[in-house]
Every structure is written in structure tokens, then in C-alpha cells.
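Peer 1: Next comes the sequence, and after it the predicted model I'd like to discuss.
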Amino acid sequence: MGFTRVMVMLIRFTKLVWSSVRKLGVWGGNAPNTVNSHLMGSQRVGPWYLQEPLYLQWKQWDCRSDCRYHCMLAREEEREKLGGKPVKYHGKWLFHRAYGFQEPVSVALSALNLAFQFHGWVSFFILIYYKLPLTPSKKTYYEYTGLWNIYGILSMNSWFWSAVFHSRDVELTEKLHCSSAVALLGFSLILAIQRAFSVRNEASRVMVSTPVIAFVTTHILYLNCYNLDYGLNIKVCVAMGVTQLLIWAVWAGVTHHPSWSKLWVAVVGDGLVMLLEIYDFPPYHGFVDSHALWHATTIPLTYLWWSFAKDDAEFRTSSLLKKAK
Ligand SMILES: [Zn+2]
């Protein structure tokens, strides 16, 4: 009697394990379909003991993403042999991973951009607080110091998340990357407006910034909470980028700023590299695509922008001191 009961329990347990294994899609006749449904969905469902550890999910070296990656590699090789051109998978080109990084070239270039932003910001900081004279109340004469400081911090934040996103492309890193880039673009638009129109008084500064901040916040909330619409985001970013470049270019020409030539080179350069974002070509040898090239070209432009900020600080300080005498 006891033996029969044990046998029934064993059979039931085996059935339960078997059905769980089949649900996971690693065994059995329906495996390809199940794996496919796992690939299409973004959630890892099921009880905790059937899920992969968190660190594996983060590193994306789990069964699902590895299968997806190797499937795409095999598919691309086949296409190449048959003379076909590379195609996008889930809206993105296929990159060859290196040392666990998904897009190694873009990661390295983002890190380099971050380093150049840091260098530019530190050299601006040293110039303004230690080399140029300060007011008796220990403030800078240059009225836009705070704006450039915030710009530097937002830029570094943006490049940091860009490096993280290109290392691991998951929903969270994509949202953080998009949001920080939009915040930076919105803030640099505020900086352009305030510098070009010489907005110095606090009340006018608040009046000018509020609509831009409201718009940027709404757009970030829309991307994060409603729909991460890539096409719409590109349009919003290009619109904000083009507006600020036009403001800088016209202002430099009209006011004959001493560093107008530097500003124009930066503006034309930024306009040209924006084309790289729009003209999208597949990664060369699986590594360098138009986006990676764009990250390479922003490095000298970063240097140029900070060089202009330092020139502007010197120019404003000296003209304010001349006025005071
Ligand atoms: Zn990027």
C-alpha cells in the first residue's frame, strides 16, 4: 500500500518537473516555439526558481539573449554568403560583442567623450575661479558661470549613460540614456538663449527657462512612462539641436564676438555630425556604424565648445572690469 502511494507521488512529481522544463522551452518538441516566444517578450516570467540570477540577467549572458545573439550572427553570415546586405533586428543593427560589451567601439568613444567633457569643465572651472579676478564677494564676474557648470555636469551624466547603454542595451539603460541626452539638449538650448539674448536678471532667466524645462520634462515623462518612441525622440532632439545651433551662429555673426570663428566651426561641425545620426549605415565589420562615428566626431567639438566658453568668460570679465574702472 505504502509502496503504491510513493510511486504515485513520484510519478506526479516527475510530471510537474517535466511540464516546467517544457514551459521553460529548453527541452521537448515545442522548444523552438517556446524559445521564440521568450525572445519576443521582454519579461522573464515564471516562479523565482525558474528564473536566471539577477547578475546574469543584467549582463545579458542568459539563455535568451545568447540565443538571440547567435541566431542573428548565423543569419547575417548566411545573408553575406548569399550576397545580401545587413538588416536590422528589432530596429537595431547587429554588433559583434567584445569582452562582454555589446557595442565596444561606441562604449570606448562614449568614455573618451566623458573624459574630454571632464577635462573641458575642469579647465573652465580653474580659469574662472583661480585665474580670472573675482568680485569682492568672491563671485565670478562672468554671468554665465553657473549655466556652464550645469552644462558640464549634464554632459558628463549623458556620456556616462551613453557608455552604459552601449555596453548593455536593455529597456532601463535605453530610458536612462535617452532621458539624460534630452535633458542635456534642453539645457543647452536654455544656455544658448540666455547667452545670446544676454538674459542676466533672475526673473527673466526663470521666464525664459520655464517653458523649455516644462517641455523637456513632459517629453522625458512621455518616453519613460508612456511610449519610448525612438522616431519621435530623434525629431525632438534634432529640433532642439538645430534651434540652438541657429541661435549661436546668428548671435556670433551679429555681435562680432571675438571668438566667433571658433563658434562657427563648432556650429557647422555639430550640424554636419548630426547628419551622421540621420544617415544611418550598418556597422563596418560588425563594429563601427554611423552612430559610433558620430561619437568620434563629437570629441574635437567638445574641446572647441569648452575653448569657446573659456574665451567668452575671459572676454566678459575683461569688458566688465574695463567698465568698472
Ligand atoms: Zn550613443
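Peer 2: Ah, there it is. Residues are numbered from 1 along each chain as shown.
Peer 1: tell me which residues of stretch 117-132 are tucked away?
Peer 2: Buried positions in stretch 117-132, judged by neighbour count with 16 or more other C-beta atoms under 10 Å: 117, 120-121, 123-124, 127-128, 132. C-beta here means a position set from N, CA and C on the backbone, and glycine is covered the same way.
Peer 1: Hmm, I typed the wrong one, I wanted stretch 242-251.
Peer 2: Within stretch 242-251, the residues scored as buried using 16+ other C-beta under 10 Å are 244-245, 247-249, 251.
Peer 1: In a helix, Leu276, correct?
Peer 2: Yes: the assignment for Leu276, made by DSSP: H, G, I helix; E, B strand; the rest coil, places it in a helix.
Peer 1: correct me, but it touches Val288?
Peer 2: No: with contact defined as C-beta atoms under 8 Å, Leu276 and Val288 do not form a contacting pair (11.4 Å).
Peer 1: Now do the same contact list for Thr297.
Peer 2: Counting by C-beta atoms under 8 Å, 6 or more residues apart in numbering, Thr297 touches 269, 272-273, 276.
Peer 1: hmm, 6 Å instead?
Peer 2: For Thr297, the set of contacting residues under the criterion of C-beta atoms under 6 Å, 6 or more residues apart in numbering consists of Val273.
Peer 1: Name the nearest residue to Arg316, ignoring sequence neighbours.
Peer 2: Tyr142 (5.0 Å; C-beta to C-beta, 6 or more residues apart in numbering).
Peer 1: Mind checking which of the buried residues of stretch 242-251 land in helices?
Peer 2: When DSSP state H defines the helices, the subset of the buried residues of stretch 242-251 inside them is 244-245, 247-249, 251.
Peer 1: got the buried residues for stretch 268-280?
Peer 2: In stretch 268-280, the ones that count as buried by 16+ other C-beta under 10 Å are 269-270, 273-274, 276.
Peer 1: CA atoms of it as CSV?
Peer 2: In CSV, the C-alpha atoms belonging to stretch 268-280 read as follows (Å, rounded to 0.1, in the frame of the first residue of the first chain):
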residue,chain,number,x,y,z
VAL,A,268,28.9,73.8,-38.6
GLY,A,269,30.7,70.8,-37.1
ASP,A,270,27.7,69.9,-34.9
GLY,A,271,25.4,70.4,-37.8
LEU,A,272,27.4,68.1,-40.1
VAL,A,273,27.8,65.3,-37.5
MET,A,274,24.0,65.5,-36.9
LEU,A,275,23.8,64.1,-40.5
LEU,A,276,25.6,61.0,-39.3
GLU,A,277,22.8,60.4,-36.9
ILE,A,278,20.3,60.8,-39.7
TYR,A,279,22.3,58.9,-42.4
ASP,A,280,22.3,55.5,-40.7
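Peer 1: residue contacts, the residue nearest to Arg316?
Peer 2: Contacts here follow C-beta under 6 Å, 6+ apart; on that basis Tyr142 touches 313, 316-317.
Peer 1: three-state assignment of it?
Peer 2: Tyr142 falls in the coil class when you classify it by three-state DSSP.
Peer 1: where's it relative to Tyr129, distance?
Peer 2: Separation of Tyr142 from Tyr129 (C-beta to C-beta, to the nearest Å) stands at 10 Å.
Peer 1: what do you get for Lys88?
Peer 2: Taking C-beta to C-beta as the criterion, Lys88 is separated from Tyr129 by 48 Å.
Peer 1: do the same with Val288
Peer 2: Using C-beta to C-beta, we find Val288 at a distance of 40 Å from Tyr129.
Peer 1: And the buried residues of stretch 268-280, which is closest to Tyr303?
Peer 2: Each of the buried residues of stretch 268-280 was scored against Tyr303 by C-beta to C-beta, and Gly269 proved nearest at 10.7 Å.
Peer 1: my guess is that closest one contacts Leu301, does it?
Peer 2: Yes: under the criterion of C-beta atoms under 6 Å, Gly269 is in contact with Leu301, at a separation of 5.0 Å.
Peer 1: Rebuild the ones in helices among the buried residues of stretch 242-251 as TSV, extending it with distance to Pro136.
Peer 2: Compiled in TSV, these are given as follows (distance: C-beta to C-beta, whole Å):
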residue	distance to Pro136
Gln244	34
Leu245	38
Ile247	34
Trp248	33
Ala249	37
Trp251	31
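Peer 1: can those go into JSON lines with extra columns for pLDDT and distance to Ile150?
Peer 2: Putting these into JSON lines (pLDDT from 0 to 100; distance: C-beta to C-beta, whole Å) gives the following:
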{"residue": "Gln244", "pLDDT": "94", "distance to Ile150": "15"}
{"residue": "Leu245", "pLDDT": "94", "distance to Ile150": "20"}
{"residue": "Ile247", "pLDDT": "95", "distance to Ile150": "18"}
{"residue": "Trp248", "pLDDT": "94", "distance to Ile150": "17"}
{"residue": "Ala249", "pLDDT": "92", "distance to Ile150": "23"}
{"residue": "Trp251", "pLDDT": "93", "distance to Ile150": "20"}
